[in-house]
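Student: Would you be able to build a 3D model of this:
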Amino acid sequence: MSRMLSILKTIANRYPVTRGIATYSLLLPASNITQQLLDPNRKNYDPYETLHFGVFGACILAPSLYCWVCTANVMVRMETLRGAILKVSK
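Tutor: Here you go, the predicted model:
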C-alpha cells in the first residue's frame, strides 16, 4: 500500500494537473449525487448524469483551470495577497 501511495505521489508531483483531475473527478460527481438525492422534485437517481459530471470535471474543467492558473502565474509574478487578487481579477 505504501508503495502505491509513493507511486501516486511521484505522479502527482511530476504532473501537477493530475491533482486537479483527481479532485474534480471526485468532487463534481459527489456534488451531483448529493443534489440528486436531496432534490424533492426528482423521482429517480440518474447515474449517467453523475458520470457526465465526472467526465466533465476530469477532462474539461481540471485541465482548463490548470492552464488558466499557469497563465495567471506568468501574467502576474507576485506571490503576495495583492498578486493573488490580481490573478483572480484578470
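Student: just the helices in the protein please.
Tutor: For the chain, the helices defined by DSSP state H cover 2-14, 17-38, 47-56, 62-75, 81-89.
Student: Give me the distance between the most centrally placed residue in the chain and residue 33.
Tutor: The residue lying closest to the centre of the chain (CA atoms, centre = their mean) is residue 24, at 3.0 Å. Residue 24 sits 15 Å away from residue 33, going by CB to CB, to the nearest Å. (Each C-beta comes from the backbone N, C-alpha and C, glycine too.)
Student: which residues does the residue nearest to the centre of the chain contact?
Tutor: 57, 58, 61, 62, 65 (CB atoms under 8 Å, 6 or more residues apart in numbering).
Student: For the residues you listed, which single residue is the most surrounded?
Tutor: Of all the contacts of residue 24, the highest neighbour tally under other CB atoms under 10 Å goes to residue 57, namely 24 neighbours.
Student: ok, that one to residue 80 distance?
Tutor: Residue 57 is 30 Å from residue 80, by CB to CB.
Student: can you pull the buried residues of the lowest-mean-pLDDT helix or strand in the chain?
Tutor: Least confident helix or strand, the chain: helix 81-89 with a mean of 85, by mean pLDDT, DSSP states H and E. Using 16 or more other CB atoms under 10 Å as the test for burial, helix 81-89 gives residue 87.
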